[in-house]
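K.L.:
here are the coordinates; sequence isn't available:
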């Protein structure tokens, strides 16, 4: 029987959105009878358990956690003089040893990863998928690709690599370090048998790095999992309830700030309408966002919630919010698909991009661009008051079902390359 090894650096029980995609895919591949093994990083610090731990229960014995060897202090916020000194010394250490992006947690993961992968290959693994980010481990595995050409190597990108302006520290790298990351990125795209991405825009970018065999670059989108949804009755409310569930990123602050400014303008022009609004922010928010939230009394920040708490919140809301960075205004995040699955109108707060265009084209909600933020919020209020919030009841959401994606797209590709 074909055997697949999946490398996913962040994986349940460790928390983090990075573990969701392949915890879900692995669950349904396992259900389809595909033999799987998982290699992940032992992150040492387990602050709280992943929301997707239950998705791994059927194959827990197939997960191999390896030491990451990246200084643990650099994955925390230091407190006190000694911790801050330790933190500073650790940065000096990694900057000296790492040629490219010293924010890449997989930089010291290569040796133990390659040993584990080679053992799996010798025990029958014929396909290997490396999920990025972090990115360096995909480059390190090229050595095994060259040593075992009969094994199919697939790289999967949840996030952009060197074009990333929102995460993983790329915007702060020197030109020399960034050039080295670009070299690694191109080497990975050239050497791997398949290149998966979560969006067509990312797929097109990776195609642009090579001159031949561009068909190996394929879009495998994220999606929602029906197993997650336990609906609770929606409570009626005299207020228009907006909800955002997820992480807010620094690069989207100007979008968020425009949203706050529009709310304050509504408060000034029509306080009665303003007081009919209730906005809940669930998830991680940097301090600069928290300060803006404090300035607007109709917004409540409830912090990070469990999966069920999040879905209960969504079930009792009227409109869902997305705040997208300018460089990722084409993306469909996990929450995008979950909003659709719960038939919540989506208010995409971003500059003009594919995501906002898609929502408008398919009548899934509203596009709140900075130049039209105030007017569009008023439009949403008007539609709510008239019980006409935009939602598409005939939209085929099953195409975004993870089980469908695995059966109709992912597994056929793996079958064809086995």
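P.N.:
Sure, I can see it. Since this is a predicted model, take the numbers as computed values, not measurements.
K.L.:
Direction included, what does the longest strand along the chain pair up with?
P.N.:
Longest strand in the chain by number of residues, with DSSP state E as the criterion: strand 35-42. In the sheet, strand 35-42 lines up against strand 3-8 (parallel), strand 63-67 (parallel) (DSSP bridges).
K.L.:
who touches that strand?
P.N.:
Contacting residues not belonging to strand 35-42 are listed as 1-11, 14, 19, 22, 26, 29-30, 56, 59, 62-68, 105-106, 109, 113, 116-117, 120, 125 [Cβ atoms under 8 Å, 6 or more residues apart in numbering]. Bear in mind the C-beta positions are built from the backbone N, C-alpha and C, glycine included.
K.L.:
Just the buried ones from these?
P.N.:
2-11, 14, 19, 22, 26, 29-30, 56, 59, 62-64, 66, 68, 105-106, 109, 113, 116-117, 120, 125 (16 or more other Cβ atoms under 10 Å).
K.L.:
Among those residues, name the ones in helices.
P.N.:
With DSSP state H as the criterion, helices contain 22, 26, 29, 30, 113, 116, 117, 120 from among the buried ones among the contacts of strand 35-42.
K.L.:
could I get those residues as JSON lines with pLDDT and distance to residue 410?
P.N.:
Below are those laid out as JSON lines (pLDDT from 0 to 100; distance: Cβ to Cβ, whole Å):
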{"residue": "22", "pLDDT": "97", "distance to residue 410": "11"}
{"residue": "26", "pLDDT": "97", "distance to residue 410": "11"}
{"residue": "29", "pLDDT": "96", "distance to residue 410": "7"}
{"residue": "30", "pLDDT": "96", "distance to residue 410": "13"}
{"residue": "113", "pLDDT": "97", "distance to residue 410": "23"}
{"residue": "116", "pLDDT": "97", "distance to residue 410": "23"}
{"residue": "117", "pLDDT": "98", "distance to residue 410": "20"}
{"residue": "120", "pLDDT": "96", "distance to residue 410": "20"}
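K.L.:
Which of those lies at the shortest distance from residue 361?
P.N.:
Closest approach between those and residue 361, by Cβ to Cβ: residue 22, at 30.1 Å.
K.L.:
The closest one: what's it in contact with?
P.N.:
Residue 22 makes contacts with 6, 8, 11, 38, 129, 131, 156, as judged by Cβ under 8 Å, 6+ apart.
K.L.:
For residue 63, see how far away it is.
P.N.:
11 Å (Cβ to Cβ, to the nearest Å).
K.L.:
Which two among the ones in helices among the buried ones among the contacts of strand 35-42 are spaced furthest apart?
P.N.:
Pairwise over those, using Cβ to Cβ, the maximum falls at 30 and 113, 21.8 Å.
K.L.:
give me every residue that touches residue 290.
P.N.:
Listed by Cβ under 8 Å, 6+ apart, the contact set of residue 290 reads residue 301.
K.L.:
Let's see that with 10 Å instead.
P.N.:
Contacts for residue 290 (Cβ atoms under 10 Å, 6 or more residues apart in numbering) come out as 248, 281, 301.
K.L.:
for it, phi and psi?
P.N.:
phi -60, psi -40 (degrees, to the nearest 10).
K.L.:
rewinding a little: joint contacts of residue 22 and residue 63?
P.N.:
Contact with both residue 22 and residue 63 is made by residues 6, 8, 11, 12, 36, 38, 40, 56, according to Cβ under 10 Å, 6+ apart.
K.L.:
which one of the residues you listed sits closest to residue 193?
P.N.:
For the shared contacts of residue 22 and residue 63, the nearest to residue 193 is residue 6 (15.0 Å; Cβ to Cβ).
K.L.:
who does the closest one bridge with?
P.N.:
Assessed by DSSP bridges, residue 6 has beta-bridge partners residue 38, residue 129.
K.L.:
mind checking pLDDT for it?
P.N.:
Confidence at residue 6, expressed as pLDDT, is 98.
K.L.:
Could you pull up the residues touching it?
P.N.:
Residues in contact with residue 6 (Cβ under 10 Å, 6+ apart) are 22-23, 25-26, 29, 36-40, 62-63, 127-131, 154, 156.
K.L.:
same thing but at 6 Å, please
P.N.:
22, 26, 38, 129 (Cβ atoms under 6 Å, 6 or more residues apart in numbering).
K.L.:
now the third one: how far from residue 227?
P.N.:
Which is residue 38. Distance check for residue 38 against residue 227: by Cβ to Cβ, it reads 19 Å.
K.L.:
Neighbour count for those two, which is higher?
P.N.:
With neighbours defined as other Cβ atoms under 10 Å, residue 38 and residue 227 compare such that residue 38 has more, 22 against 13.
K.L.:
sorry, back to before: name the member of the contacts of residue 22 with the shortest distance to residue 52.
P.N.:
For the contacts of residue 22, the nearest to residue 52 is residue 11 (9.0 Å; Cβ to Cβ).
K.L.:
Chain neighbours aside, what residue packs nearest to the residue nearest the centre of the chain?
P.N.:
The chain has residue 17 as the residue nearest its centroid, 5.6 Å off, counting by Cα atoms, centre = their mean. Excluding the flanking residues, the one nearest residue 17 by Cβ to Cβ, 6 or more residues apart in numbering is residue 334, at 6.6 Å.
K.L.:
my read: the one you found touches residue 222, true?
P.N.:
Yes - at 5.4 Å, residue 334 counts as touching residue 222 under the criterion of Cβ atoms under 6 Å.
K.L.:
Which one of the two is surrounded by more residues?
P.N.:
The residue with more neighbours, out of residue 334 and residue 222, is residue 222; 23 against 19, by other Cβ under 10 Å.
K.L.:
what's the more buried one sitting at in phi/psi?
P.N.:
Torsion angles at residue 222 (phi, psi; degrees, to the nearest 10) stand at phi -70, psi -180.
K.L.:
ok, it - contacts?
P.N.:
198, 334.
K.L.:
how much space between it and residue 331?
P.N.:
From residue 222 over to residue 331 (counting by Cβ to Cβ), the distance is 9 Å.
K.L.:
that older thread, do you know the pLDDT at the residue nearest to residue 17?
P.N.:
pLDDT, residue 334: 85.
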